[in-house]
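Peer 1: Need the 3D shape of this:
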Amino acid sequence: GALAVARGRMQELLSKRNAMLFSDLDGNERVKLIDELEVDLWDDGDYANFAQHAAEQVEEALQAQALRVGNKATQKRSGREYVALAASEGAAMLLQKDPSGLQSLEELGNQPLPEAVRREVWVAKLREHLRPLTGGSRTMQVSDFDNEITAACSKAIAEAAPADAELSPLLPEIKGALSNMQFLDQGEPNPHPLVHAAMPVAWLVSGPRRAMGKVEGATVVEALNALRACTGHDRLLVGWACEPSDEWLDFAQAAGEVLAIFDVELHSMLSNIMVNGPSGAAAMADGQPLSRPKRTVWDFAATSDAVQAAGGEVGPLVLPLVQRLFGGMMASFEATCYVWDLLFVLGFDILPHVCALYLVCLKGTLITALSSASSTTSLERTLNLTVGTVPIEAFKRAVDIHILPRVRARREAEDAKRPLS
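Peer 2: You can find the predicted model right below:
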């Protein structure tokens, strides 16, 4: 009876407003109608009893749920989460006012940044490379590979987008950004791998609650361009398919040296395999994985001889990581964002270290499946089997062991050089 009364009164109020459905009203009219309906219904005894009974049932259910899960540990954790959320929002506001505070974030060590702080840190680091936005027309360039880029973007969104964010409405903007870059770069470097880097960029510029469809394509273009400039991506890979840049030669050498420092056994095995080439042993007797890779990220045959030779033994191994800026390479979107946190907070000069660390995280699989006598074909296949398998926990442990001690040593050396006040 109470529901029938409510339904009838709702129809009367809608008719007074010349509307058939509640959704026909704008926001203000909806609020007014609900207030008026509530006032009228509380005068009806049946509805008042129904509402009171429903409220009591809800309260009882909530209390029962709280008793089931409400132990002290849960309460403490909930309290810590609330404090962490409040602190992160406060830190984000401080960074907006004073970006110079970014340096203090090094004290967080290898902890992923809270979401609110993460956005401010990324924006602050990219801001110096952001040009004034010129409107969405910049994304309207059409390349010869436009259909291929669209297909690649759709696939990347399905593979790399965060589970709690719907990025499909940003497909035209991401596609336009990559198409625009290929047009500006005259087709080089091939932008398809950058589709995966566009996922965190789109997440960044869209904001947590902003309507996805309202994000201007030019914003994605500028953010992705700024990221390439900030990371040195545009200099590292310029003309890489034909003749590697000096920056790439230095980067590949640095990555190889770092890997040798991090894990000499792994470096030795991988270097030997790259020297063996396709003519090495097809596989170990028992260790070679038999499943087929879902994705082909490493493709030594498609990499030119000039790049292979100039990049040293480790260069071709870290090339896909640099091309994609780790997008789609980790086990989760959050893990990818964590890698970007490291780069933004600790500086992009650690990019060779982070690339080498990725290989270190794969050591168990590589050592089991391969030997120093294996072929590059076997190595390529094994690496492609590992795409999307490195979890954030394993990477954090490796960062703690290999990178943070060097960061602390560098900071202490810089502090020692400063004159005493």
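Peer 1: which stretches of the stretch 151-300 of the chain form helices?
Peer 2: Here the stretch 151-300 of the chain has its helices, by DSSP state H, counting those that start in this stretch, at 171-184, 194-206, 217-231, 233-236, 246-262, 264-276.
Peer 1: Dump the ones you listed into JSON lines; add mean pLDDT, distance to residue 123 and mean neighbour count as well.
Peer 2: C-beta here means a position set from N, CA and C on the backbone, and glycine is covered the same way. Formatted as JSON lines, the helices of the stretch 151-300 of the chain follow (pLDDT from 0 to 100; distance: least, CB to CB, whole Å; neighbours: other CB atoms under 10 Å):
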{"stretch": "helix 171-184", "mean pLDDT": "77", "distance to residue 123": "17", "mean neighbour count": "23"}
{"stretch": "helix 194-206", "mean pLDDT": "82", "distance to residue 123": "7", "mean neighbour count": "25"}
{"stretch": "helix 217-231", "mean pLDDT": "80", "distance to residue 123": "9", "mean neighbour count": "22"}
{"stretch": "helix 233-236", "mean pLDDT": "82", "distance to residue 123": "18", "mean neighbour count": "19"}
{"stretch": "helix 246-262", "mean pLDDT": "91", "distance to residue 123": "25", "mean neighbour count": "19"}
{"stretch": "helix 264-276", "mean pLDDT": "92", "distance to residue 123": "36", "mean neighbour count": "17"}
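Peer 1: Which among the ones you listed is found nearest to residue 8?
Peer 2: Nearest of the helices of the stretch 151-300 of the chain to residue 8, taken as CB to CB: helix 194-206 at 43.0 Å.
Peer 1: which strands and helices sit next to the closest one?
Peer 2: Using 3 or more CB pairs under 8 Å, 6 or more residues apart in numbering; DSSP states H and E, the elements in contact with helix 194-206 are helix 115-127, helix 146-160, helix 171-184, helix 217-231, helix 315-324, helix 333-346.
Peer 1: Let me have those helices in CSV, extended by distance to residue 251.
Peer 2: Listed next are these as CSV, based on distance: least, CB to CB, whole Å:
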stretch, distance to residue 251
helix 115-127, 19
helix 146-160, 24
helix 171-184, 20
helix 217-231, 11
helix 315-324, 7
helix 333-346, 14
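Peer 1: So which of these is nearest residue 20?
Peer 2: Once those are compared by CB to CB, helix 171-184 is nearest, at 34.2 Å.
Peer 1: circling back: out of the helices and strands packed on helix 194-206, which is closest to residue 388?
Peer 2: Nearest to residue 388, of all the helices and strands packed on helix 194-206, is helix 146-160, at 7.6 Å by CB to CB.
Peer 1: quick one: low-confidence ranges for the stretch 251-400 of the chain?
Peer 2: Scanning the stretch 251-400 of the chain for pLDDT under 70 picks out 282-291, 303-312.
Peer 1: My guess is residue 154 contacts residue 171. True?
Peer 2: Yes: shown here, residue 154 and residue 171 form a contact pair, counting by CB atoms under 8 Å, at 6.4 Å.
Peer 1: what about residue 324, how many neighbours?
Peer 2: Using other CB atoms under 10 Å, residue 324 has 23 other residues around it.
Peer 1: coming back round to it: between the helices and strands packed on helix 194-206, which one is nearest to residue 366?
Peer 2: helix 315-324 (10.3 Å).
Peer 1: which residues are in contact with that closest one?
Peer 2: Defining contact as CB atoms under 8 Å, 6 or more residues apart in numbering, one finds that helix 315-324 is touched by 189, 193-194, 196-197, 233, 236-237, 240, 248, 251-252, 255-256, 270, 274, 297-298, 300, 303, 307-308, 311, 329, 351-352, 354-356, 358-359, 383.
Peer 1: count of neighbours near the closest residue to residue 294 other than its chain neighbours?
Peer 2: Using CB to CB, 6 or more residues apart in numbering and skipping the chain neighbours, the partner closest in space to residue 294 is residue 387 (7.4 Å). When neighbours are counted by other CB under 10 Å, residue 387 registers 20.
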